Each structure stands twice: as structure tokens, then as C-alpha cells.
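Colleague: please find the sequence and the predicted model below.
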Amino acid sequence: MKIVLQLFLACSLLIVAGGLSAAQPNPAGVTQASPVVLITGSNRGIGLALTKAYATAGWRVIATCRDPSRASELKELAAVHPNVVVETLDVTSEPSITGLVEKYRGKPIDVLVNNAGTSGRYEGQIPGQFDEATFTEIMRVNAFAPLRISTAFLDNVSASEHKKIIAISSGRGSVSKPFLERRAYFYDMSKSALNLGMRKLQSDVAEKRVLVGVFAPGIVDTELNNDLRNGVPAIRKLISPEESAAGLVALIANLSKENQHRFQNYNGETFEW
């Protein structure tokens, strides 16, 4: 009788344990039905902060960068967040773009965040030192690449539930109120070009019910911002990448057909185009 009772108790514990295990949610709350975000330039700065924010919120994140082997922080993040997949993407390379598009063909992407950018060589973009190669590099990365990436993954975005394409721009791209204290001409011009390109894209993807948002991240304490200042102390308070990312995630969540024509800063402030 004692042996039978022990067997009964053991079986009962196994059943209970099995039930608890089955009911136990994924630690990150991630399922196959969780929304998907693809972020370019995820290896540092704002891109890395956005990856952390979405991963923590339970999204499935396709975190892309040019050279994952050198993206130690991103790989560490992916190691503790199984919902983060690190992919190679050089936004200036057509084979790299088409290769990733083919890999994700037929898979919905709810939010596409064009974050990758470059400040370029400061010395090559000031009066008296204008350098054509610097201009070409900056415009290719900051203005052309986001348009190319957006159209390349358009079918993925239009097949999703959220249907959002995002461009991380800069307040420096505002023609109405330009940042005059530093003369990084080509960088500022590239962001103005990005803004115009994305505004035009809004009309072309409207029939697919895809929304296009253009947001500024604020003046963030990143390597890119330091490069633009070229050693000159910041005249405005710098914010952390995490603070910027939190504001951008909120703006992306609230993006709608009614407000997508606004050029907004991370904190909700509206810039003139």
C-alpha cells in the first residue's frame, strides 16, 4: 500500500509540474504572433538602444549591422534575449540588401526602422574643404539607403499588422530652422534629402495602407554626434540613447495616418520641415 501511495504522489507531482511548465510564459513574453521590428545600424548608439527597448517589450527583433563580428554589445544582448536575431546588412551594398530580402521573403515585418547613418568626415564638409567623396558617402548612407531599404522590404511591411516604415532623421535637416552653430553641410543636407524622400514615399505606399514616419532622435550622446561636433563642447544638454529610444518607440506606436505628415522630435516636439 505504501509503494502504491508513493507512486500516486509521484505521478501527481509530475502532472502538476507538467501543467505549470505548460502554463509558464516565455520569459520575454515572445510568441510567433509577437510583432516584428527590423532595425538597421543596431550595433551602437540609438540603434542598439532601440533594439534593447523592443526586445524588452517582447517584440521579435531583426537587428542588423554591417559587421556582426565586431558588434560585441549587440551579440551580448542577443545572447540573453532569444527574440533578437542578429543579421548582416550593409545598407550601401545591393547584394547585401537583396540577400537579406530573399532570406525574409514572405515574412511580415511590422515596423522597419531606418536608423543606420554616418556623420562622414567633418573636415570634408566645411567651406573651403568640400570633398566630393565625403559628400557621396554621406548622401548614399543617409538619404539613398533608407529609401532603398524601405522599398526592398515594402512587401514584408505591407503584409504585417502594424505596417510602419520609420526614418530616423535629425533636427539638423530642417530647412526652416537649421542648426547653424556647426557647419557640417553634407550631413545636414543628407537629412533634408531623407525627409523629402520619405514624404514622397508616404504617398506612394498609401494604397498599401503603409505608414511612413520621420522622427528626430534629439541631441544624443553618441559617437556620431561627437563626430559632428568635432571636439566642440555641446551647447545643448545631451540625452542618453535610452531616453531617445524610449521617446522614439512611443512615437512609432502612436504613428497614424493623421499625424504621419509631422516631423517630430523624440519628445513629441514638432519641427518645421
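Modeller: Sure thing, it's come through.

Colleague: contacts, neighbours, all on C-alpha from now
Modeller: Noted.

Colleague: hang on, H162 packs against V111?
Modeller: Yes. Judged on Cα atoms under 8 Å, H162 makes contact with V111 at a distance of 6.7 Å.

Colleague: so between these two, which is more surrounded?
Modeller: V111 (27 against 20; other Cα atoms under 10 Å).

Colleague: how close does that one sit to F215?
Modeller: 14 Å (Cα to Cα, to the nearest Å).

Colleague: okay, now the unreliable bits of the stretch 51-200 of the chain?
Modeller: 178-182 (pLDDT under 70).

Colleague: packing partners of the helix or strand harbouring V212?
Modeller: Element membership of V212, judged by DSSP states H and E, is strand 211-216. Judged by 3 or more Cα pairs under 8 Å, 6 or more residues apart in numbering; DSSP states H and E, strand 211-216 is in contact with strand 164-168, helix 185-204, helix 241-254, strand 263-265.

Colleague: overlap in contacts of V111 and F215?
Modeller: I166 (Cα atoms under 8 Å, 6 or more residues apart in numbering).

Colleague: let me see the ranges of the strands in the protein.
Modeller: 36-39, 60-65, 84-88, 111-114, 164-168, 211-216, 263-265, 270-271 (DSSP state E).

Colleague: in TSV, list the ones you listed along with distance to S176.
Modeller: Output for these, formatted as TSV (distance: least, Cα to Cα, whole Å):
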stretch	distance to S176
strand 36-39	29
strand 60-65	33
strand 84-88	37
strand 111-114	23
strand 164-168	19
strand 211-216	15
strand 263-265	12
strand 270-271	9
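
Colleague: looking at those, which is closest to S174?
Modeller: Of all the strands of the chain, it is strand 270-271 that lies closest to S174, at 7.1 Å by Cα to Cα.

Colleague: partner strands of that closest one, parallel or antiparallel?
Modeller: Note on strand 270-271: by DSSP bridges, its sheet partners are strand 263-265 (antiparallel).

Colleague: what is the rounded mean pLDDT of the strand it pairs with?
Modeller: Regarding strand 263-265, the rounded mean pLDDT is 97.

Colleague: who's in contact with the closest residue to A49 other than its chain neighbours?
Modeller: With Cα to Cα, 6 or more residues apart in numbering as the criterion, A49 has its nearest non-adjacent residue at 5.3 Å, and that residue is E242. Going by Cα under 8 Å, 6+ apart, E242 touches 46, 49-50, 53.

Colleague: please apply the same query to F135.
Modeller: Counting by Cα under 8 Å, 6+ apart, F135 has contacts 124-125, 186.

Colleague: quick one: which of these is most hemmed in?
Modeller: F186 (26 neighbours).

Colleague: that one contacts V141, correct?
Modeller: No. Contact criterion Cα under 8 Å: F186 and V141 do not qualify, at 11.5 Å.

Colleague: M189 reaches S174, doesn't it?
Modeller: No. Using Cα under 8 Å, M189 is not in contact with S174; the gap is 9.2 Å.

Colleague: for burial, what's the neighbour tally of S160?
Modeller: The burial count for S160: 17, using other Cα under 10 Å.

Colleague: quick one, phi/psi of G218?
Modeller: phi 90, psi -180 (degrees, to the nearest 10).
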